[in-house]
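Colleague: Fold the stuff below for me.
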Amino acid sequence: MKKSKFTETQIVAALKEYESGKSVADICRELGVNKQTFYNWNKKYSGMETQDLQRLRELEQKHAQLQKMYADLAMDNKVLKDLLTKKF
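Modeller: Numbers count the residues shown, from 1 in each chain. Next up, the predicted model:
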């Protein structure tokens, strides 16, 4: 996935400008982004504060860690099952 050149804090600031009445076209022109990108940001980050973004980032990291742990355990489990089913 491509990394955004804008931080989440900058994205939230742009969304706050939109909520205060500034037009989407003006915000997109200033930032140099497509309107669709702005609407995707709005869908993902709408109503969030900086603290919420930090919590979201922490949860995403924890989720990735748990997925990796599950994959490792599932692989270990499969290897052990394969070893137990082999006849010597």
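Colleague: For the chain, give me the ranges with low pLDDT.
Modeller: Where the chain drops to pLDDT under 70, the residues are 1-3, 87-88.
Colleague: For it, just list every one of the helices.
Modeller: Counting by DSSP state H, one finds helices in the chain at the ranges 8-19, 24-31, 35-45, 50-85.
Colleague: any idea which of these is most buried?
Modeller: helix 8-19 (a mean of 16; mean count of other C-beta atoms under 10 Å). No exception for glycine: its C-beta is placed from N, CA and C like everyone else's.
Colleague: Please compute how far it lies from its chain's middle.
Modeller: Relative to the chain's own centre, helix 8-19 is displaced by 16 Å; criterion: C-alpha atoms, centre = their mean, to the nearest Å.
Colleague: Extract the C-alpha set from it and format it as CSV.
Modeller: In CSV, the C-alpha atoms belonging to helix 8-19 read as follows (Å, rounded to 0.1, in the frame of the first residue of the first chain):
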residue,chain,number,x,y,z
GLU,A,8,-2.9,11.9,9.8
THR,A,9,-2.8,15.2,11.7
GLN,A,10,-2.7,17.1,8.5
ILE,A,11,-5.6,15.1,7.1
VAL,A,12,-7.7,15.8,10.2
ALA,A,13,-6.8,19.5,9.9
ALA,A,14,-8.0,19.5,6.3
LEU,A,15,-11.2,17.8,7.4
LYS,A,16,-11.8,20.4,10.1
GLU,A,17,-11.4,23.2,7.5
TYR,A,18,-14.1,21.4,5.5
GLU,A,19,-16.4,21.2,8.5
